[in-house]
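Trainee: Generate a structure from the sequence data that follows.
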Amino acid sequence: MSRKRNLDMAVIDTKEKGNALAETNLKSSSFSNDPKEREALAEQIADEVRALRLEREAVPDGPGRRAQRKAIGLKIDVRRWKMHLLNPRKYKPVNM
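Mentor: As a prediction, this is how the structure comes out:
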């Protein structure tokens, strides 16, 4: 029973990540070609990621905690992927 539940959760995780990426329509060509603008945008997104990490740690104990933390984690993954597209030399890609 436990193994089947874990497999079901893995399938759900994969679908959620795919949906999160599809919603953002991430392509490096959708960003400006000016390196300074790209770097400024990447830094702004990095600040958002830091704030989301703090928010994820502040989720209170109780029912639904795991789901809340997972939802925030997906937001972080998408933003980290954007940072990689903006500046691939500085920011490493997310394993998605």
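
Trainee: Send over the stretch of helix or strand residue 85 belongs to as CSV, restricted to the C-alpha atoms.
Mentor: Per DSSP states H and E: residue 85 is located in helix 65-86. Only the C-alpha atoms of helix 65-86 are listed here, as CSV (Å, rounded to 0.1, in the frame of the first residue of the first chain):
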residue,chain,number,x,y,z
ARG,A,65,1.8,21.7,5.7
ARG,A,66,3.4,19.4,3.2
ALA,A,67,1.1,20.6,0.4
GLN,A,68,1.7,24.3,1.2
ARG,A,69,5.5,23.7,1.3
LYS,A,70,5.4,21.8,-2.0
ALA,A,71,3.4,24.6,-3.7
ILE,A,72,5.9,27.2,-2.6
GLY,A,73,8.7,24.9,-3.7
LEU,A,74,7.3,24.7,-7.2
LYS,A,75,7.2,28.5,-7.4
ILE,A,76,10.8,28.5,-6.4
ASP,A,77,11.8,26.0,-9.0
VAL,A,78,10.1,28.0,-11.8
ARG,A,79,11.8,31.2,-10.7
ARG,A,80,15.2,29.5,-10.5
TRP,A,81,14.7,28.2,-14.0
LYS,A,82,14.0,31.8,-15.2
MET,A,83,17.2,32.9,-13.5
HIS,A,84,19.1,30.2,-15.4
LEU,A,85,17.6,31.3,-18.7
LEU,A,86,18.5,34.9,-18.0
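
Trainee: State the distance from the closest residue to residue 46 other than its chain neighbours to residue 58.
Mentor: Distances taken as C-beta to C-beta, 6 or more residues apart in numbering place residue 83 nearest to residue 46, at 6.1 Å, with adjacent residues excluded. For glycine as for every other residue, the C-beta is placed from the backbone atoms N, C-alpha and C. The gap separating residue 83 from residue 58 is 22 Å, by C-beta to C-beta, to the nearest Å.

Trainee: What of residue 49?
Mentor: Taken as C-beta to C-beta, the span from residue 49 to residue 58 is 15 Å.

Trainee: One more: residue 81?
Mentor: Taken as C-beta to C-beta, the span from residue 81 to residue 58 is 24 Å.
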